[in-house]
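J.: Got a sequence here, can you build the structure:
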Amino acid sequence: MDSINQLILNYPKLENLENDVRTAARIITDCFKSGGKLLLCGNGGSCADCEHISGEMVKQFAKDRPLESDIMAKLGPELTAELHGGLPALSLPSMIGFHTAFNNDDNPEFGYAQQVIAFGNPEDTLWGISTSGNSKNVINAVKTAKALGLHTIGLTGEDGGTLSKIVHTAIHAPAGNVARIQELHLPIYHAICAFVEDQIFP
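T.: This next block holds a predicted model:
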């Protein structure tokens, strides 16, 4: 049983989301396998979720991630003993210096989009998180990412808003209240993180 099967077993109300969750997990897996990186953006609690997801990706999450033998040879035994395989996931809200400068000098609704311009490549994936699906800075980031050829994923509430209509793959947590949506987002993205980890580090 993989992590997405386990998610549905633990949260039967998410059964209708299985195909979308699997699609998102495969997009991210393929992104990493092709040498791409994952960019994440969101506001408030969704900003914290971006931090959470990137943390699970960059360090080992649910299993050991052995380093590749050629990397181990370059690092030597001391570093090899302390390090493990990592996946390149960037939480865009984390760049406080950039955001305070951009918000002061430019239109804050385009801050994440500017970061996509700086970091985004066609092999990358942008994952936007918005409980309403209507966060303007997230929507602008998705529009920019699509224009540059990135894959896009949206994690929203049951309504989905504009975000769900413009991303390649949308995952709608079946709730309307912000707190309930966020409570469902966590097990969804944990299942995705575990699935990706299993695929990259079998």
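J.: Run through the strands of this structure in chain order.
T.: Remark: strands assigned in the chain by DSSP state E are 38-41, 89-91, 125-129, 151-156, 169-172.
J.: Can you check which of those gets nearest to N5?
T.: N5 lies closest, by C-beta to C-beta, to one member of the strands of the chain: strand 169-172, at 16.2 Å. The C-beta positions use only the backbone N, C-alpha and C, and glycine is treated the same way.
J.: low-scoring pLDDT stretches of the chain, where are they?
T.: Counting by pLDDT under 70, the chain shows no low-confidence range.
J.: just checking, what's the longest helix in it?
T.: helix 178-200 (DSSP state H).
J.: Take the strands of the chain and lay them out in a markdown table including mean neighbour count.
T.: Shown next, in a markdown table, are those (neighbours: other C-beta atoms under 10 Å):
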| stretch | mean neighbour count |
| --- | --- |
| strand 38-41 | 28 |
| strand 89-91 | 21 |
| strand 125-129 | 29 |
| strand 151-156 | 26 |
| strand 169-172 | 22 |
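J.: who wins for proximity to F61 among those?
T.: Short answer: strand 89-91, nearest of the strands of the chain by C-beta to C-beta, at 11.0 Å.
J.: Remind me what the closest one packs against, helices and strands.
T.: strand 38-41, helix 45-58 (3 or more C-beta pairs under 8 Å, 6 or more residues apart in numbering; DSSP states H and E).
J.: hmm, back to that, could you provide the strands of the chain in CSV, with additional columns for distance to V178?
T.: Shown next, in CSV, are those (distance: least, C-beta to C-beta, whole Å):
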stretch, distance to V178
strand 38-41, 17
strand 89-91, 20
strand 125-129, 12
strand 151-156, 11
strand 169-172, 14
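J.: Of all these, which one comes closest to N10?
T.: strand 169-172 (16.2 Å).
J.: Give me the contacts around that closest one.
T.: Strand 169-172 has contacts (C-beta atoms under 8 Å, 6 or more residues apart in numbering) with 17, 20-21, 23-24, 27, 151-160, 163-164, 188.
J.: The same query, at a cut-off of 7 Å, please.
T.: Strand 169-172 is contacted by residues 17, 20-21, 23-24, 27, 153-158, 160, 164, 188 when judged by C-beta atoms under 7 Å, 6 or more residues apart in numbering.
J.: Tell me the buried residues in stretch 194-202?
T.: For stretch 194-202, burial by neighbour count (16 or more other C-beta atoms under 10 Å) applies to A194, F195, V196, E197, D198, Q199, F201.
J.: Distance to Q115 added to those, as a markdown table?
T.: Below are the buried residues of stretch 194-202 laid out as a markdown table (distance: C-beta to C-beta, whole Å):
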| residue | distance to Q115 |
| --- | --- |
| A194 | 27 |
| F195 | 26 |
| V196 | 22 |
| E197 | 25 |
| D198 | 29 |
| Q199 | 27 |
| F201 | 28 |
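J.: Many thanks, we can stop here.
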